[in-house]
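> With the sequence up front, the predicted model follows.
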Amino acid sequence: MIFHETGLADARLIEQERHVDDRGHFARVACAGEFARAGIEADYPQASVSHNTRAGTLRGMHFQRPPHAEAKVVRATRGAVFDVIIDLRPGSPTFRRWQGFELSAGNGRMLYIPKGFAHGFQTLEDETDVLYLITPAFVPGHGDGVRFDDPAFAIDWPLPVSVIAEKDRIWPLFGG
Ligand SMILES: Cc1cn([C@H]2C[C@H](O)[C@@H](COP(=O)(O)OP(=O)(O)O[C@H]3O[C@H](C)C(=O)[C@H](O)[C@H]3O)O2)c(=O)[nH]c1=O
């Protein structure tokens, strides 16, 4: 795997190193040793999948409150997403800044999302699946969020929103 810095401190875009032959390709998509050497969380006790039927579906912007803040590695295993992270760490040089990345089954790109970031995505195709590696394991009742359309961030989503959960429409505006 090849780890690229992003415009947000400590977040990494991870590129697969695909071994291509006549059958197709083989690539490593998680490795505690490579992750540790890259300086990111190395061990992920939980993996989850998000299946999304329609293009334009928006999930986010979510985070878990401390002490259950999560780090994640996410990638699209089917279809494609515009994946967005917001740095919500007050002491960070990139505090309040967001960045979006196109992750798709085709490009195989993965995103490392450190603790203290809000995460969300909008699907770019129907029948899109997102695979999450998460640490620590999910603890119900500690979820929080910021609005996908909060003017404090002015996230430039690529498509009109087709489907969104009511909870994601009513997060409070960011006062931080
Ligand atoms: C996140 C999570 C949820 N759940 C249960 C809790 C609910 O009963 C059900 C659906 O959860 P939720 O509606 O919060 O799923 P999303 O709205 O897609 O939330 C996720 O989407 C955004 C973009 C994220 O980055 C987070 O991983 C997560 O917040 O799965 C679990 O059992 N484990 C988990 O890790």
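Happy to help now that I have it. Numbers count the residues shown, from 1 in each chain.
> quick one: low-confidence parts of this structure?
176 (pLDDT under 70).
> For it, list the residues in contact with the ligand, please.
Residues of the chain lying close to the ligand (Cβ under 6 Å from any ligand atom) are 48, 50, 59-60, 62, 119-121, 132, 134, 138, 165. No exception for glycine: its C-beta is placed from N, CA and C like everyone else's.
> in this protein, which spans are helices?
Secondary structure of the chain (DSSP state H): helices at 32-37, 166-169.
> Save these as JSON lines, and put in mean neighbour count too.
Formatted as JSON lines, these follow (neighbours: other Cβ atoms under 10 Å):
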{"stretch": "helix 32-37", "mean neighbour count": "13"}
{"stretch": "helix 166-169", "mean neighbour count": "12"}
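> for the ones you listed, which one sits closest to Pro160?
Smallest distance to Pro160 across those (Cβ to Cβ): 14.3 Å, for helix 166-169.
> which residues make contact with that closest one from outside it?
For helix 166-169, the external contacting residues (Cβ atoms under 8 Å, 6 or more residues apart in numbering) are 58-61, 120, 145, 147-148.
> what two of the residues of the chain next to the ligand have the greatest distance between them?
With Cβ to Cβ as the measure, no two of the residues of the chain next to the ligand lie farther apart than Ile134 and Ala165, at 18.9 Å.
> Same drill for these two, tell me which one is more crowded.
Between Ile134 and Ala165, counted using other Cβ atoms under 10 Å, Ile134 has the larger neighbour count: 19 against 11.
> Excluding chain neighbours, what is closest to the more buried one?
Gln46 (4.4 Å; Cβ to Cβ, 6 or more residues apart in numbering).
> I figured that neighbour hits Phe138, correct?
Yes - between Gln46 and Phe138 there is a contact under Cβ atoms under 8 Å: 6.1 Å.
> State the distance from the residue of the chain positioned farthest from its centre to the ligand.
Most distant residue from the mean C-alpha position of the chain: Asp22, 31.9 Å away (Cα atoms, centre = their mean). Separation of Asp22 from the ligand (Cβ to the nearest ligand atom, to the nearest Å) stands at 37 Å.
> same deal with Pro172?
As defined by Cβ to the nearest ligand atom, Pro172 lies at a distance of 16 Å from the ligand.
> Test my guess that Leu103 contacts Ile85.
No - with contacts counted by Cβ under 8 Å, Leu103 stays clear of Ile85, the gap being 11.3 Å.
> joint contacts of the two?
Common neighbours of Leu103 and Ile85, using Cβ under 8 Å, 6+ apart, are Leu111.
> Let me see the contact set for Pro172.
Counted by Cβ under 8 Å, 6+ apart, Pro172 has contacts 146-147.
> so where do the strands sit in the chain?
According to DSSP state E, the chain carries its strands in the segments 2-5, 12-15, 19-21, 24-26, 46-52, 58-64, 71-78, 80-87, 98-104, 110-113, 117-123, 128-135, 143-145.
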